[in-house]
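Q: 3D model of this:
(3 chains)
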Amino acid sequence: MTRLERLGLVEARTLLRRRAIGAVELTRACLAAMERNRALNAFITETPERALAMAEAADARLARGEGGPLEGLPIAVKDLFCTEGVRTTAGSKILANFVPPYESTVTARLWAAGAVLLGKTNLDEFAMGSSNTTSAFGPVVNPWTPAGSSPPFVPGGSSGGSAAAVAGFLCPAATGTDTGGSIRQPASFCGIVGIKPTYGRCSRFGIVAFASSLDQAGAFARSVADAALLLQAMAGFDPKDSTSAELPVPDWSGELRGRVKGLRIGIPKEYRLDGMPSEIETLWARGADWLRAQGAELVEVSLPHTRYALPTYYIVAPAEASSNLARYDGMRYGLRVTGRDLVDTYKKTRGEGFGAEVRRRILIGTYVLSAGYYDAYYLKAQKVRRRIVEDFEAAFARCDALLTPTAPSAAFRIGERSDDPVAMYLNDVFTVTVNLAGLPGISVPAGLSAAGLPLGLQVIGKPWDEATVLEVARALEEAAEFRALPPGVVEA
Amino acid sequence: MAWTIAGRTGEWELVCGLEVHAQVISKAKLFSAAATEFGAEPNSRVSPVDAGMPGMLPVLNGFCVEQAVKTGLALEAEINRVSIFERKNYFYPDLPQGYQISQYQQPIVGRGRILIDLPDGTSRAIGITRLHLEQDAGKSLHGAREGVTLIDLNRCGVALMEIVSEPDIRAPEEAVLYLKKLRSILRYVGTCDGNMEEGSLRCDANVSVRRVGDPRFGTRCEIKNVNSMRFVAKAIEYEARRQVDILESGGVVEQETRLFDAARGETRSMRGKEEAHDYRYFPDPDLLPLELDEALIERLRAELPELPDAKRARFVSDYGLSAYDAGVLVAERAAADYFEAVAKGRDAKFAANWVINELFGALARRGLEIEACPLPAEALGEILDLLAEGTISGKIAKEVFQEAFDSGARPRAIVEAKGLRQVTDAGAIEPVVAKLVADNPQQAENARKNPKIVGWFVGQVMKATGGKANPALVNELVKKALGLG
Amino acid sequence: MPLDRATVARVADLARIAVPEEQLDALAGELSGILAWVEQLGEVDTQGIEPLRSVHPIRRAWRPDVVADGFCREAILANAPEREDGFFVVPRVVE
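A: Residues are numbered from 1 along each chain as shown, chains lettered A, B, ... in the order given. Take a look at the predicted model:
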């Protein structure tokens, strides 16, 4: 059998359990694909030795008829999850040599389920970005970039490395984190599935924090079923995270049928933006038709504070980040740039250790929390945030899930929009609302733009109702029959 | 307590409030599972959470919450049903996260009060503004090597209660009384060991002055590092006088933080180090609002012991002790318990005298706390019984006390072993008296003329019997032998 | 409200981030742009609205008072830029 790296999680699992393929064999195929496609710059750290050792152990368990739900399945991990003994950089120079002495809860769950770590994927520095161009380890190339086309397309961000790795068939699935759209937007740009569960579903313990009240781990895969399988293993209560939900995790992957008959699907009217490309409008309408055709009832709903979501996000997230990133001070770990004295050492370390976008957000966050401005910015934003939550509550009184575009455009080229931070922030217009309200959301590839780039549709669910989100996503997936392949992948 | 500073231009009054940091008694830290123990090897009681490592999250130690609530209840304070942990952001090498998790706008405990007991026997209430929970920082060691500071994070993350008083203190000595009372209450409820040497109890004082009769507050200075009972009054008085001097010479007191230099007995400005602080407080998004339910509060209320004020009142009414003696006895719960064990079934005033004078004296000489007292309360009670029975004299009782305190032997055993039993048998004393009278004819003659000299014979008899003779009996027998009876 | 150079310098100082003099103006412009954009929140009526504290119902997330961590000095110090005798070594703190 050739091209093992093209197998999805569910398929590969079946073959592994039947011993038709081995975990080592599968892992080797992925490692080779990673090596061939290093030009994508999807990984910051590859862990081939660890991967093969884990795969061997998985094979041994599989041979004994044992093993967890992900036994022998190789995956990539966003380099924001701390991995014990494996350098964890957060895409930053300031953590370039940091080796955690502990494992994040999410990755610990994955290894306990039998998954194999292929490596740590590239990302926007500290997950701050929508294009994966702020990484200290260089930008990631979207595998949908045709050969010779330059500059390359961005994979989206911040989980750009994970999205590119899955889209480029370097691995069947990967973890991501999503603070304002960092899973769903790159999934949309790369033509794969990306799910962010309800805030509190996955433990944040051991995930380098960006904005604590918004950060949530999630999964990338090439199918809804695969994404559900990976997320299933990641989710669950963790007493080490006070914001983790003490709720059982339903069996998402086992019950997935794509049944939307009788569901009410809301179309938020405020998501029809002025100047939105018509191909996005068209895609959205087509998505609604698909669901209607499968027996869902489409209703228009209103989320009146939608337009305030991005400004709210760009107060709350930088404010939390400015505090979360204070620990990177060169004293106990990470980069230290020695200056004249202590204060100078702090300033040089942080001035040189952080990239421009991180510095910008820390400064904004520091400013909005500073004396005299707290009420006008931070407190105001948290009040507006409550209104946004209330909008969703009202909408969900009338429907079971919402359907929206994932992003207002397809992937753009590296370097585009980089001179205007606000223009870049607009990428997240449809996704940040979901983080602000702590809801589950998924992006499903639904078509191609005129330029031949993938476009995704987003399904947003009620809190803790990932099951419905996945069902609707599965229905869209079936109807969309998205079969296009990225042109920028180097084959064996 | 009337206390004023006489300036050249008039009388000045002190206005002072204290901010006390009390280390919460708990096994684990406030937000991590690392141990709180004191004196361990550097950085050997530090979890990745305490070290502020990437991705680490705080989880609240529920016991520390209960300790804060108990303390609040003991301070007769409002317990806030919802309180919020906030981040106080600033950079310092002993603060690994770059922020201290503290409580700011909504503390766990609101207004309460402490009664201080003034020397004249009256009490005065000092208001408590608030009590909140926060994390301690690590420890910086300077001077080990040129140009560097060494950091030990063992203390980092240990739970502290910051207890803020109203500016109700009007005399330096009141500050000491406040601190002593607070320490006593904390130790009663078992929420802080009150050890100032080890830093379990730390005090900053906010000091300002105003002309007597002026209702307005003056500009205050915060005096840091007043970390012993001895220095509290000194530091406050020094600072108040410094401010009066400035104001009387037409100057303006600058609001600033000052450090008390115990060696020089003065406060000095920390300016230069203190830049304009902007702590950027905001609710910690890693922690949920802290909600308390009635059941928990009521359970903790029920667990409270009898507190010093109530105990003092009971000692006065039930045992007939003076307010002063009762106050001395209740300062430490263990001392009060000791006293009650001794007093049970005995003369309480007598027991109080022995505990306060003999026991506390002996403990002080050996530098011991009541908890480490080598003489069990039953043993002291036994001495009092021996006295009451007339088995030993008062003088012998003190000897027996010292012996029992030093050796740990039971008083009755000491009396028997050393033959210290009081001699009450006239037949045993009479020959001694007779011999003394015969050997000292001149003294005997004098004594017959001047009965005051009888005492000399009594003293000689006591000496000859090693103090064991019953003094009243000796007196009677001497008089009889001299023909004075 | 647009930020001036001095404000940016003050904020950078608070955040302990070195910003070269020559970048202050450009940064002031960028930050002002972002702030001007977020200030549209002023249009939202939030009279009587409580600020959001948690997106989901609050539970009691307390740990028991049990020592179960922290005996890991080597792990704590392993990434230190400088260490000595079990301490972290940092530039001298001025007292």
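Q: CA atoms for contacts and neighbours, from now on please.
A: Fine.
Q: Might one say that B:Arg81 is in contact with B:Pro289?
A: No. Using Cα atoms under 8 Å, B:Arg81 is not in contact with B:Pro289; the gap is 10.0 Å.
Q: Show me which of those two is the more surrounded one.
A: B:Pro289 (21 against 15; other Cα atoms under 10 Å in any protein chain shown).
Q: List the contacts of that one.
A: Neighbour list for B:Pro289: B:Val82, B:Ser83, B:Ile84, B:Phe85, C:Arg53, C:Ile58 [criterion: Cα atoms under 8 Å, 6 or more residues apart in numbering or on different chains].
Q: Throw these into a markdown table and include distance to A:Leu455, thanks.
A: Below are the contacts of B:Pro289 laid out as a markdown table (distance: Cα to Cα, whole Å):
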| residue | distance to A:Leu455 |
| --- | --- |
| B:Val82 | 46 |
| B:Ser83 | 45 |
| B:Ile84 | 43 |
| B:Phe85 | 42 |
| C:Arg53 | 35 |
| C:Ile58 | 37 |
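Q: Most neighbours among those residues, which one is it?
A: Within those, most neighbours by other Cα under 10 Å means B:Phe85, with 28 neighbours.
Q: which residues touch the residue lying closest to it once chain neighbours are set aside?
A: Take B:Phe85 and drop its neighbours on the chain: the residue closest to it by Cα to Cα, 6 or more residues apart in numbering or on different chains is B:Gln103, 4.7 Å away. Going by Cα under 8 Å, 6+ apart, B:Gln103 touches B:Ser83, B:Ile84, B:Phe85, B:Glu86, B:Arg87, B:His132, B:Leu133, B:Glu134.
Q: Could you rerun that using 10 Å?
A: Listed by Cα atoms under 10 Å, 6 or more residues apart in numbering or on different chains, the contact partners of B:Gln103 are B:83-88, B:131-135, B:162, B:281-284.
Q: Same question for A:Pro304.
A: By Cα under 10 Å, 6+ apart, the neighbours of A:Pro304 are A:Pro268, A:Lys269, A:Glu270, A:Tyr271, A:Arg387, A:Ile388, A:Glu390, A:Asp391, A:Phe392.
Q: residue ranges of the strands in the stretch 351-492 of chain A, please?
A: All strands of the stretch 351-492 of chain A, identified by DSSP state E, counting those that start in this stretch, fall at A:401-405, A:441-448, A:454-461.
Q: Same question for chain C.
A: C:62-63, C:83-84, C:87-91 (DSSP state E).
Q: can you tell which of those is closest to chain A?
A: Checking those against chain A by Cα to the nearest Cα gives strand C:87-91 as the closest, at 5.1 Å.
Q: any idea of the mean pLDDT for the closest one?
A: Strand C:87-91 shows an average pLDDT of 97 in the prediction.
Q: got it, and stretch B:424-440?
A: Average pLDDT, stretch B:424-440: 86.
Q: In it, which residues are buried?
A: B:Thr424, B:Ile429, B:Glu430, B:Val432, B:Val433, B:Leu436, B:Val437 (16 or more other Cα atoms under 10 Å in any protein chain shown).
Q: Over to stretch B:472-480?
A: Neighbour-count burial for stretch B:472-480 [16+ other Cα under 10 Å]: B:Val474, B:Asn475, B:Leu477, B:Val478, B:Lys479.
Q: And for stretch A:443-457?
A: Residues of stretch A:443-457 classed as buried under the neighbour-count rule (16+ other Cα under 10 Å) are A:Ser443, A:Val444, A:Pro445, A:Ala446, A:Gly447, A:Leu448, A:Ser449, A:Leu453, A:Pro454, A:Leu455, A:Gly456, A:Leu457.
Q: And chain B, is the lengthiest helix in chain C touching that?
A: Longest helix of chain C, by residue count under DSSP state H: helix C:24-38. No. Taking Cα under 10 Å from any Cα of the partner chain as the criterion, helix C:24-38 and chain B are apart, separated by no less than 17.7 Å.
Q: does chain A sit close to that helix?
A: Yes. Using Cα under 10 Å from any Cα, helix C:24-38 comes into contact with chain A via C:Leu27, C:Glu30, C:Leu31, C:Ser32, C:Gly33, C:Ile34, C:Leu35, C:Ala36, C:Trp37, C:Val38.
Q: Can you lay out the residues you listed as JSON lines showing pLDDT?
A: Written out in JSON lines, the entries for the residues of helix C:24-38 next to chain A read as follows (pLDDT from 0 to 100):
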{"residue": "C:Leu27", "pLDDT": "94"}
{"residue": "C:Glu30", "pLDDT": "91"}
{"residue": "C:Leu31", "pLDDT": "93"}
{"residue": "C:Ser32", "pLDDT": "94"}
{"residue": "C:Gly33", "pLDDT": "92"}
{"residue": "C:Ile34", "pLDDT": "90"}
{"residue": "C:Leu35", "pLDDT": "92"}
{"residue": "C:Ala36", "pLDDT": "92"}
{"residue": "C:Trp37", "pLDDT": "91"}
{"residue": "C:Val38", "pLDDT": "92"}
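Q: Look at A:Thr2 and report its pLDDT.
A: For A:Thr2, pLDDT reads 62.
Q: try C:Val66
A: 98.
Q: wait, doesn't it sit right on B:Ala34?
A: Yes. With contact defined as Cα atoms under 10 Å, C:Val66 reaches B:Ala34; the gap is 8.4 Å.
Q: ok, how many other residues are close to the closest residue to A:Gln382 other than its chain neighbours?
A: Of all residues not flanking A:Gln382 in the chain, C:Pro51 sits nearest, at 4.7 Å (Cα to Cα, 6+ apart). When neighbours are counted by other Cα under 10 Å, C:Pro51 registers 17.
Q: Would you check which pair of the contacts of B:Pro289 lies furthest apart?
A: Spatial extent of these (Cα to Cα) is set by the pair B:Phe85 and C:Ile58 at 13.8 Å.
Q: overlap in contacts of the two?
A: Residues touching both B:Phe85 and C:Ile58 (Cα under 10 Å, 6+ apart): B:Leu287, B:Leu288, B:Pro289, B:Leu290.
Q: filter those residues to the buried ones?
A: Buried residues within the shared contacts of B:Phe85 and C:Ile58, counting neighbours by 16+ other Cα under 10 Å: B:Leu287, B:Leu288, B:Pro289, B:Leu290.
Q: Confirm that the second one sits in a helix.
A: Just to be clear, that refers to B:Leu288. No. Assigned with DSSP: H, G, I helix; E, B strand; the rest coil, B:Leu288 falls outside any helix and is coil.
Q: That one against C:Arg59, yeah?
A: Yes. At 7.7 Å, B:Leu288 counts as touching C:Arg59 under the criterion of Cα under 10 Å.
Q: so what sits against both of the two?
A: Contacts common to B:Leu288 and C:Arg59, judged by Cα under 10 Å, 6+ apart, are A:Ser242, A:Thr243.
Q: How much space separates C:Pro64 from chain A?
A: Here C:Pro64 is placed at a distance of 11 Å from chain A (Cα to the nearest Cα, to the nearest Å).
Q: and the gap between that residue and chain B?
A: Distance from C:Pro64 to chain B, by Cα to the nearest Cα: 6 Å.
Q: again, but for A:Gly161
A: From A:Gly161 across to chain B, the span is 20 Å (Cα to the nearest Cα).
Q: what helix or strand is that residue on?
A: Using DSSP states H and E, A:Gly161 sits in helix A:160-167.
Q: Output that helix as CSV, restricted to C-alpha atoms.
A: Output in CSV follows, covering the C-alpha atoms of helix A:160-167 (Å, rounded to 0.1, in the frame of the first residue of the first chain):
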residue,chain,number,x,y,z
GLY,A,160,-1.2,27.7,10.5
GLY,A,161,1.4,25.0,10.8
SER,A,162,-1.2,22.4,12.0
ALA,A,163,-3.6,23.4,9.3
ALA,A,164,-0.9,23.2,6.6
ALA,A,165,0.4,19.9,7.9
VAL,A,166,-3.1,18.3,7.8
ALA,A,167,-4.1,19.9,4.4
